[in-house]
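J.: All I have is the shape, not the residue letters:
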């Protein structure tokens, strides 16, 4: 299990890495993290210690939930790649160059 309950995050690369490794993810409901994780993580309030502890306990004890998040996380991580990032950045640059 990966617990990544950051308060300040610009993108969330550690979340994608955890999902790509098949680790069930517990992450924050702030910044970009819920958008990056989608429905592939246990999402909690990073300011609420009880919510974090409850989420961790759920991932450690609920085998069905853990297995579901591992499967969802692997699928979600495939949506992010450096190739896709480069291609989309190049598309934007080409579009801007035509203006």
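T.: Okay, I see it. Quick caveat, the model's predicted, so the values are computed rather than measured.

J.: C-alpha from now on. contacts and neighbour counts both.
T.: Fine.

J.: Centre of the chain to the strand or helix carrying residue 94, how far?
T.: Assigned by DSSP states H and E, residue 94 belongs to helix 82-97. Relative to its chain's centre, helix 82-97 lies at 23 Å (CA atoms, centre = their mean, to the nearest Å).

J.: What of stretch 24-40?
T.: Worked out by CA atoms, centre = their mean, stretch 24-40 lies 4 Å from the chain centre.

J.: So for the helix holding residue 94, mean pLDDT?
T.: What helix 82-97 shows for mean pLDDT is 93.

J.: Also stretch 2-17?
T.: On average, the pLDDT along stretch 2-17 is 92.

J.: before we move on, the earlier item: elements contacting the helix holding residue 94?
T.: The contact analysis (3 or more CA pairs under 8 Å, 6 or more residues apart in numbering; DSSP states H and E) places helix 82-97 against no helix or strand.

J.: Apart from its neighbours in sequence, what residue is nearest residue 78?
T.: Leaving aside its sequence neighbours, residue 78 sits nearest to residue 20 (CA to CA, 6 or more residues apart in numbering; 7.5 Å).

J.: what's near enough to touch the one you found?
T.: 73, 74, 77, 78 (CA atoms under 8 Å, 6 or more residues apart in numbering).

J.: Can you give me the buried ones in the helix or strand the second one falls within?
T.: Okay, so that is residue 74. Assigned by DSSP H and E, residue 74 belongs to helix 63-77. Using 16 or more other CA atoms under 10 Å as the test for burial, helix 63-77 gives 65, 66, 69, 70, 71, 72, 73, 74, 76, 77.
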